[in-house]
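Visitor: Generate coordinates for the sequence data below:
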Amino acid sequence: LVAGLRLRYNKSATSGYQAPGAARRAVSLARKFIKAYPRDVRALELLRLIPRALKTAGFTDEALVAYEELIDNKDLQLAGKDKERLIKYQAEALYKKGDTLFTMGLFAKAENVWASYLKAYPNGGDWNNSQEGIYRAKTAQGATALSEGRFKEARKVWQDVLARRSFGQKAAWLALALASTYEAEARAAKKGKRALYERALDEIGRVGTRYRDWVRAKAHERRAIILHHHLKDLEKAVKEYRAAGTSIASTALNKLTAVNLGVETPKVFRVKEAAFVKLKLRNVDKVKVRLYKINLEDFFRKYHTTKNVRRLDLDLVSPDRTWEEKIPKYKAYQEIEHELALEVKGPGAFAVTVEGKDYTSTVLAIKSDIEIITAASKKEVIALVKDATREKGVRKALVNVWSGPKKNQSLALTTGADGVAKGEFKEAPSSAPYYFAHWQGSVAVAGAALPTKAVIGLKPRGYIYPSRPVFLPGETVPFRGIIRAVGK
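Guide: Residues are numbered from 1 along each chain as shown. Next comes the predicted model:
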């Protein structure tokens with residue numbers, strides 16, 4: 001019977017599963033044996049194995065009762081060496097009872113059990129484990145209080161732990177967690193947030209001064225995050241990130257110190273609307289703007305799309321207008337959004353090139369009063385071109401349709417009085433049709449999205465390399481280079 005119960009327990013220890021029915025049957029038989037043979041040493045082994053089997057089978061509450069039965073021992077009648085073994089097993093059961101309570105989340109009860117172990121068995125084999133268990137239970141109690149928003153209670157519990165153990169890696173981590181409770185409280189607070197964040201900065205700074213190496217690095221990182229995301233003091237945050245040197249700090253530092261020049265056209269503007277582009281900047285205090293009025297129809301005829309206006313080689317063309325603009329409310333490291341007015345009149349398409357800090361971004365801005373609605377079958381297309389300001393079809397609007405590289409896969413249509421144009425391909429399309437409509441200077445596109453965003457601009461880049469990897473002493477080493485310059 002002892003061998004069978006031990007076998008079931010050992011199997012569950014390796015497989016992680018204990019059949020509940022088998023465990024209950026084994027425990028029932030074991031208890032009958034204990035009652036019938038209280039002086040048999042095998043009864044002691046069974047009494048020890050019962051709570052293990054129950055716990056492994058998932059009957060945690062019953063396992064606690066079984067541990068109590070072993071600790072109290074009202075059934076066995078042993079003497080001599082068997083009595084000594086009973087005392088050893090009782091001490092073991094007391095420690096495991098605390099461990100079971102801890103796994104159930106009953107941290108205060110687990111702490112009390114382990115404290116009773118230290119008192120009852122000063123020379124016990126689990127004395128050190130019980131001490132460590134009390135530390136874990138106290139730490140977990142503080143973590144529970146913190147997760148439930150009881151910040152003062154969490155600090156009180158952890159301060160008590162640190163008063164007993166203030167050195168070592170675990171103490172350092174706990175000290176940092178204790179200081180960070182003010183940050184957690186600030187996030188949850190409705191009032192007095194700034195004061196709590198500043199208190200967190202002070203407390204975390206003290207931890208970094210007291211403990212060194214990785215603790216100091218983590219303290220700098222935590223302070224940087226507070227300054228960056230909560231107090232919005234980016235200059236101080238950058239200093240703290242640099243002092244931290246952690247991977248998280250390096251990623252944040254690279255983002256804050258990098259130059260970012262993003263340009264976006266929010267929509268197609270009507271002719272009477274004021275056109276503008278949106279800038280998304282970081283570490284750019286002023287920009288140089290070049291504005292070009294372009295013939296979008298010629299561009300479409302050549303490339304059959306309106307995407308990537310960089311193909312126009314704008315650097316070889318004189319801009320219609322050039323100006324510089326300082327960015328209002330500029331602060332180093334801060335991301336700034338700014339609307340850049342274009343001041344263009346009449347309908348048309350405009351390429352807008354924005355330069356700043358060796359970065360260049362180009363975007364297309366359009367002022368137009370027309371819209372195009374299309375439909376297509378395998379060979380036939382239909383397009384409605386309407387005046388968006390009057391919601392009426394427009395007459396004699398020109399519509400170019402492209403559906404493949406062959407000439408017979410393109411169409412040039414003109415709308416009738418109702419604004420509708422129809423056409424049939426001489427050869428079946430090899431791709432979805434693209435449509436380009438223009439009327440009295442206004443343009444509209446369908447099938448190919450207008451390019452409205454240039455998130456990352458070009459910047460100067462270079463690659464230098466020798467003509468071969470190895471040279472003899474005294475030889476001249478020629479180098480070659482591929483250089484991309486922007487705006488020059």
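Visitor: Where do the strands of the stretch 301-450 of the chain begin and end?
Guide: 321-326, 335-341, 348-356, 359-367, 370-376, 380-387, 392-393, 398-402, 410-414, 420-424, 434-439, 442-446 (DSSP state E, counting those that start in this stretch).
Visitor: These: which one's closest to Ala188?
Guide: Across the strands of the stretch 301-450 of the chain, Ala188 has its closest neighbour in strand 335-341 (26.4 Å, C-beta to C-beta). Placement of C-beta: from N, CA and C, glycine included.
Visitor: chain center to stretch 292-308, what's the gap?
Guide: Offset of stretch 292-308 from its chain centre (C-alpha atoms, centre = their mean, to the nearest Å): 39 Å.
Visitor: likewise stretch 59-69?
Guide: From the chain centre to the centre of stretch 59-69 is a distance of 43 Å (C-alpha atoms, centre = their mean).
Visitor: Contacts for that stretch next, please.
Guide: Residues from elsewhere that reach stretch 59-69 (C-beta atoms under 8 Å, 6 or more residues apart in numbering): 20, 23-24, 27, 47, 50-52, 54-55, 75, 93-94, 96-97, 100-101, 103-104.
Visitor: Restricted to strands, list those residues.
Guide: Among the contacts of stretch 59-69, no member falls in strands (DSSP state E).
Visitor: Restrict these to the buried ones and give me that as a ChimeraX selection.
Guide: Remark: buried members of the contacts of stretch 59-69, expressed as a ChimeraX selection using 16 or more other C-beta atoms under 10 Å:
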select :23,27,47,50,51,52,54,55,93,94,96,97,100,101
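Visitor: how near is Lys83 to Gln90?
Guide: 11 Å (C-beta to C-beta, to the nearest Å).
Visitor: more neighbours, the two?
Guide: Gln90 (19 against 14; other C-beta atoms under 10 Å).
Visitor: OK, contacts around that one?
Guide: Leu70, Ile71, Asn73.
Visitor: Kindly report the same for Tyr197.
Guide: Tyr197 makes contact with Tyr182, Glu183, Ala186, Ile226, His230, Leu231, according to C-beta under 8 Å, 6+ apart.
Visitor: Which ones among the contacts of stretch 59-69 map onto helices?
Guide: Among those, the ones falling in helices (DSSP state H) are 20, 23-24, 27, 47, 50-52, 54-55, 93-94, 96-97, 100-101, 103.
Visitor: Tell me where the stretch 151-300 of the chain has helices.
Guide: Along the stretch 151-300 of the chain, counting by DSSP state H, counting those that start in this stretch, helices occupy 151-164, 169-188, 193-210, 214-225, 234-244, 247-257, 296-303.
Visitor: Which strands or helices does the shortest one pack on?
Guide: Put plainly, it is helix 296-303. strand 398-402, strand 434-439, strand 442-446 (3 or more C-beta pairs under 8 Å, 6 or more residues apart in numbering; DSSP states H and E).
Visitor: out of those strands, nearest to Lys170?
Guide: Smallest distance to Lys170 across the helices and strands packed on helix 296-303 (C-beta to C-beta): 63.6 Å, for strand 442-446.
Visitor: Now do the closest one, average pLDDT.
Guide: Averaged over strand 442-446, pLDDT sits at 89.
Visitor: can you list the residues that contact it?
Guide: With C-beta under 8 Å, 6+ apart as the test, strand 442-446 has contacts from 268, 271, 296-297, 300, 306, 347-349, 366-374, 383, 385, 434-438.
Visitor: what distance separates that strand from the middle of the whole chain?
Guide: Here strand 442-446 shows a centroid-to-chain-centroid distance of 39 Å under the convention C-alpha atoms, centre = their mean.
Visitor: Next step: the contacts of Gln90 restricted to helices.
Guide: Of the contacts of Gln90, the ones assigned to helices by DSSP H are Leu70, Ile71.
Visitor: Could you dump the contacts of Gln90 into a markdown table and include distance to Glu427?
Guide: Listed next are the contacts of Gln90 as a markdown table, based on distance: C-beta to C-beta, whole Å:
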| residue | distance to Glu427 |
| --- | --- |
| Leu70 | 90 |
| Ile71 | 92 |
| Asn73 | 97 |
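Visitor: Go through the helices of the stretch 151-300 of the chain and pick out the most buried.
Guide: Most buried of those by mean neighbour count (mean count of other C-beta atoms under 10 Å) is helix 214-225; its value is a mean of 22.
Visitor: what sits up against that one?
Guide: Contact with helix 214-225 is made by 172-173, 175-176, 179-180, 183, 201, 204-205, 207-209, 211, 237-238, 240-241, 243-246, 248-249, 252, as judged by C-beta under 8 Å, 6+ apart.
Visitor: And for Asn400, nearest residue in space, chain neighbours not counted?
Guide: With sequence-adjacent residues excluded and distances taken as C-beta to C-beta, 6 or more residues apart in numbering, Asn400 is closest to Phe436, at 4.6 Å.
Visitor: ugh, typo on my part, it should be Gly462
Guide: Gly462 sits nearest to Ile483 (C-beta to C-beta, 6+ apart), 4.5 Å away.
Visitor: number of nearby residues for the one you found?
Guide: Number of residues near Ile483 (other C-beta under 10 Å) recorded here: 9.
Visitor: residue ranges with poor pLDDT in the stretch 101-250 of the chain?
Guide: By pLDDT under 70, the stretch 101-250 of the chain contains no weakly predicted segment.
Visitor: quick one: contacts for the most centrally placed residue in the chain?
Guide: Taking C-alpha atoms, centre = their mean, the centroid of the chain lies closest to Ile248, which sits 11.5 Å from it. Ile248 sits next to Glu221 when contact means C-beta under 8 Å, 6+ apart.
Visitor: From Ala224, how far off is it?
Guide: Distance from Ile248 to Ala224, by C-beta to C-beta: 9 Å.
Visitor: again, but for Phe425
Guide: The gap separating Phe425 from Ala224 is 61 Å, by C-beta to C-beta.
Visitor: and what of Asn123?
Guide: Note on Asn123: its distance to Ala224, by C-beta to C-beta, is 49 Å.
Visitor: what's the answer for Val215, then?
Guide: Using C-beta to C-beta, Val215 is found at 15 Å from Ala224.
Visitor: Likewise for Asn73?
Guide: Look at Asn73 and Ala224: by C-beta to C-beta, they are 58 Å apart.
Visitor: Over to Glu185?
Guide: Distance, Glu185 to Ala224, using C-beta to C-beta: 19 Å.
Visitor: likewise Glu69?
Guide: Here Glu69 is placed at a distance of 55 Å from Ala224 (C-beta to C-beta).
Visitor: same thing with Leu472?
Guide: Using C-beta to C-beta, Leu472 is found at 51 Å from Ala224.
Visitor: ditto for Asp298
Guide: Distance from Asp298 to Ala224, by C-beta to C-beta: 52 Å.
Visitor: residue ranges with poor pLDDT in the stretch 251-400 of the chain?
Guide: 304-312.
Visitor: hmm, try it at 80
Guide: Per-residue confidence for the stretch 251-400 of the chain (pLDDT under 80) gives these ranges: 297-316, 378.
Visitor: What's the local residue count around Phe59?
Guide: Phe59, neighbours per other C-beta under 10 Å, totals 19.
Visitor: Backbone dihedrals for it, please?
Guide: phi -90, psi 70 (degrees, to the nearest 10).
Visitor: So for it, what pLDDT did the model give?
Guide: 90.
Visitor: roughly how far apart are it and Ile50?
Guide: Taking C-beta to C-beta, one finds Phe59 at 10 Å from Ile50.
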